[in-house]
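1. Predicted model follows, preceded by the sequence.
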Amino acid sequence: MSFISEEQRIHWMTKGWVILSQTLDASVRALVPSWVDDLVKPDPDKPRRLHYYEEVDGRVQICRTERFMEDHPDLRKLITQGAVINSVAELLGTSVHLYKEKVNYKLPGGAGFRPHQDATAYDQLSHHITCLIAVDPMTSSNGCLELSDYSSRNLLETDGDGCLSDKVATSLIWKKAELRTGDILCFSSFTPHKSAANLSGESRRAIYLTYNAAAEGDLRESYYEKRASQMAEQESESYARISNIGHFEGRSAKT
């Protein structure tokens, strides 16, 4: 059974990204928001989750959660079985492993992300695919993802923070990917992308799943061991950096 149409395959090969709007069943699309709601509920029995926060207008709000697959059976099934992972495997042309999973909440006032390529942040992989599942509608007003067509597997010029240089970023043509709840956006690790702040009064939550070719190994545990260690090292600092590169435009905070 194929999960990718020929038209979608061609778009992926020529643009470096593709929107899959009918991949998830209607029942799953309807449940995804409540599953993500579960991730922010306090639960002392779920210590593995990594939460990140930002300061917005003098208040602290959550901006990201990582490493939640083990303690949420429904999200685990969504991530590791069926349409999502099979679609990614078709696009990459091989079986895949999950490298990392996260939710970016981008609540009202939540900050955006500067133009970048994900390959810069995960240099232990030669190539990977990120699969974004829209939890809430993603629009121009709430900071939807913006991408630039790029089918090459080369890194573009960066600045000192690992983001695209201003010269490169301003030379690109950016396309806004407006999505409905349950729509999926897949993009290559080399596809330039960015997003603006959420200027609406509604949340703009999105699940981001990063998959790598199985031939490169199952690296998820080692990634999160390193990430947890990095967070522990920041305990004495006034902030916790939320990513491997400096693309987050907000002010990170602790609780």
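-> Yep, it's here. Model, not experiment: these values are computed from the prediction.
2. Let's verify the residue nearest the centre of the chain: helix, strand, or coil?
-> Centroid-nearest residue in the chain: Tyr208, 3.0 Å away (criterion: C-alpha atoms, centre = their mean). The assignment at Tyr208 comes out as strand when based on DSSP: H, G, I helix; E, B strand; the rest coil.
3. and it, bridged to which residues?
-> Beta bridges link Tyr208 to Lys102, Leu132, judged by DSSP bridges.
4. could you pull out the strands for the stretch 151-255 of the chain?
-> Taking DSSP state E, counting those that start in this stretch to define them, one finds strands in the stretch 151-255 of the chain at 175-176, 184-188, 193-195, 206-213, 251-253.
5. pLDDT at the residue nearest to Tyr53 when sequence neighbours are not counted, what is it?
-> Leaving out its chain neighbours, the residue that sits closest to Tyr53 by C-beta to C-beta, 6 or more residues apart in numbering is Ala253, at 4.7 Å. The C-beta positions use only the backbone N, C-alpha and C, and glycine is treated the same way. Ala253 carries a pLDDT value of 91.
6. Would you mind measuring from Ala253 to Glu54?
-> Here Ala253 is placed at a distance of 6 Å from Glu54 (C-beta to C-beta, to the nearest Å).
7. Contact partners for Tyr122?
-> Contact partners of Tyr122, counting by C-beta atoms under 8 Å, 6 or more residues apart in numbering, are Tyr99, His128, Ser189, Thr210, Asn244.
8. returning to that earlier point: around the residue nearest to Tyr53, how many other residues sit close by?
-> 18 (other C-beta atoms under 10 Å).
9. can you list residues touching both of Ala253 and Glu54?
-> Contacts common to Ala253 and Glu54, judged by C-beta under 8 Å, 6+ apart, are Val60.
10. My read is that the residue nearest to Tyr53 contacts Arg59, right?
-> No: taking contacts as C-beta atoms under 8 Å, Ala253 lies outside contact range of Arg59: 9.3 Å.
11. confidence score at Glu249?
-> Per-residue pLDDT puts Glu249 at 95.
12. For Ser195, see how far away the residue lying closest to it once chain neighbours are set aside is.
-> Using C-beta to C-beta, 6+ apart and skipping the chain neighbours, the partner closest in space to Glu249 is Ala111 (4.5 Å). Going from Ala111 to Ser195 by C-beta to C-beta gives 9 Å.
13. who's more crowded, those two?
-> Neighbour tally, Ala111 and Ser195, criterion other C-beta under 10 Å: the higher count belongs to Ser195, 26 against 21.
14. Hmm, Gly143 and the more buried one touching each other?
-> Yes: in this structure Ser195 lies within contact range of Gly143 using C-beta under 8 Å: 4.9 Å.
15. Common neighbours of the two, please.
-> Taking C-beta under 8 Å, 6+ apart as the criterion, Ser195 and Gly143 both touch Lys106, Gly112.
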